[in-house]
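> give the three-dimensional model of this entry:
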Amino acid sequence: MSVAVMSENPAPTVAIIGLGLIGGSLALALRAAGEAGELLGFDTQPDAIAEGLARDVIDRALASPRDALAQADIVVLCVPTVVAADLLADLTRVAVRSGSSAIITDVASVKGGLEARMLAQHGCVPPRVVLGHPIAGSERSGVGAAREGLFRDHLTILTPDENTEADALADVSRLWRAAGASVVCMAVSTHDRMLAATSHLPHVLAYCLVDTLARSSHSEDVFRFAAGGFRDFTRIASSDPVMWRDVALANRGALLEAIDDFAQHLITLRAAIDAGDGDALLQTFTAAKTARDGFSALQARRDQS
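Predicted coordinates for the structure are as follows:
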């Protein structure tokens, strides 16, 4: 689906629900770009609100997420995947009852559960709900880790359907472009399957590898002599384990398929090593290097564009 071109409108009031790394970074990026008339914020943690105000991440705090529907043009749910569906359900229920015209979007890394909740509750994804996911992050968390450039030269995926209002899609697209991201649209099922392979599986593998080595009787020596490759591969194992537990369970079906595919390929490689089949190993390693070099070239072109 092509992204609609938005007409010139005053900068919208944006409410960030969840002042963590993603929510805080989005607010900072919008402020720097001058693309938010006012930045409102809510978080269940008073310390996060206090830090958000102190750092000028937000202009003022909201008493509850529901207050955003009457005070903001765009409401961005920057909450963990496990609670995003419940919050979205509550806000859309109130929006329908009150006649709010606010656009509601989110940043959850799994979209299937949110879409299913909307279908069960409303019979469709409401026209002014635009489900989204910025493909950016850090092993650090919290509003203290927020930074203006987090989304620059990264993708944000939006998952509109035929029921999505064109102006809602255009406004959310403009929001993420102002933050420095490129915007692409795709189906919910495509998003969840793709992210299972490219994000969720790598996190599972990193956690699994570090845990396996930590349980080894030689773990102290293993970590002492680990080189840069180990550091680079396992960096994401420093990410919030609660968040990634929730992501793994929320995208269970697609993630299990990705794990099974990887496990089968690993078994094949093990058999080649056991058999001393250097040709099979070289073929796999060469194909992987070619694919990885192609990805690096694509990333470099994207960074230059």
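
> just give me how far the helix or strand where residue 229 lies sits from the chain centre.
Secondary structure assigned from DSSP states H and E places residue 229 in helix 228-234. Between the centre of helix 228-234 and the centre of its chain there are 22 Å (C-alpha atoms, centre = their mean, to the nearest Å).

> residues of that helix that come out buried?
By neighbour count on 16 or more other C-beta atoms under 10 Å, the buried set for helix 228-234 is residue 234. Yep, even glycine has a C-beta here, placed from its N, CA and C like the rest.

> next: stretch 108-118.
So, applying 16+ other C-beta under 10 Å, buried residues of stretch 108-118: 108, 109, 110, 111, 112, 113, 114, 115, 117, 118.

> and those, which is closest to residue 255?
Lowest distance from residue 255 to the buried residues of stretch 108-118 (C-beta to C-beta) belongs to residue 110, with 9.2 Å.

> that closest one in helix, strand or coil?
Taking DSSP: H, G, I helix; E, B strand; the rest coil as the rule, one finds residue 110 in the coil state.

> closest to residue 244 among the buried residues of stretch 108-118?
For these, the residue nearest residue 244 by C-beta to C-beta is residue 109; the value is 9.4 Å.

> contacts only, for the closest one.
Applying C-beta atoms under 8 Å, 6 or more residues apart in numbering, we find residue 109 in contact with 81, 133, 195, 199, 200, 247, 251.

> apart from its chain neighbours, what residue comes closest to the fourth one?
With sequence-adjacent residues excluded and distances taken as C-beta to C-beta, 6 or more residues apart in numbering, residue 199 is closest to residue 109, at 6.9 Å.

> could you point out the longest helix in this protein?
helix 278-304 (DSSP state H).

> report all helices and strands that that one contacts.
Helix 278-304 makes packing contacts with helix 252-275 when contacts are defined by 3 or more C-beta pairs under 8 Å, 6 or more residues apart in numbering; DSSP states H and E.

> beyond the helix holding residue 229, next helix or strand please.
With DSSP H and E, the next secondary element past helix 228-234 is helix 241-250.

> okay, the angle between that following helix and helix 252-275?
Interaxial angle of helix 241-250 relative to helix 252-275 (axes from the mean of the first three to the mean of the last three C-alpha atoms, to 10 degrees): 100 degrees.

> give me the below-cutoff pLDDT ranges for the stretch 51-200 of the chain.
When residues are selected by pLDDT under 70, those of the stretch 51-200 of the chain lie in 139.

> quick one, helices of it?
Here the stretch 51-200 of the chain has its helices, by DSSP state H, counting those that start in this stretch, at 67-71, 81-98, 112-122, 166-178, 188-195.

> any chance of these in CSV, with distance to residue 18 too?
Shown next, in CSV, are those (distance: least, C-beta to C-beta, whole Å):
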stretch, distance to residue 18
helix 67-71, 11
helix 81-98, 9
helix 112-122, 14
helix 166-178, 15
helix 188-195, 19
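
> pick the most buried one from those.
Of these, the one with the most neighbours on average (mean count of other C-beta atoms under 10 Å) is helix 166-178, at a mean of 21.

> for residue 92, see how far away the residue nearest to residue 199 is.
With distances defined as C-beta to C-beta, to the nearest Å, the gap from residue 109 to residue 92 amounts to 20 Å.

> same question for residue 84.
The gap separating residue 84 from residue 92 is 12 Å, by C-beta to C-beta.

> before we move on, what about residue 263?
With distances taken as C-beta to C-beta, residue 263 is found 39 Å from residue 92.

> equivalent analysis for residue 178, please.
Residue 178 is 25 Å from residue 92, where distance means C-beta to C-beta.

> let me see the ranges of the strands in the stretch 1-150 of the chain.
In the stretch 1-150 of the chain, the strands defined using DSSP state E, counting those that start in this stretch lie at 13-17, 38-42, 60-61, 74-77, 103-106, 129-130, 132-134.

> and these: which comes nearest residue 269?
Of all these, the one in closest proximity to residue 269, counting by C-beta to C-beta, is strand 132-134 (31.4 Å).

> give the other helices and strands that the closest one contacts.
With contacts defined as 3+ C-beta pairs under 8 Å, 6+ apart, the secondary structure elements packing on strand 132-134 are strand 103-106, strand 155-158, helix 166-178.

> ok, and what's touching the second one?
Contacts of strand 155-158 from elsewhere in the structure, counted by C-beta under 8 Å, 6+ apart, are 3, 105, 130-135, 169, 172-173, 176, 179, 181-186, 191.

> export only the CA atoms of it, formatted as CSV.
The C-alpha coordinates for strand 155-158 follow below in CSV (Å, rounded to 0.1, in the frame of the first residue of the first chain):
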residue,chain,number,x,y,z
LEU,A,155,12.6,1.5,9.1
THR,A,156,9.2,1.9,10.7
ILE,A,157,6.6,-0.7,9.6
LEU,A,158,2.9,0.3,9.5
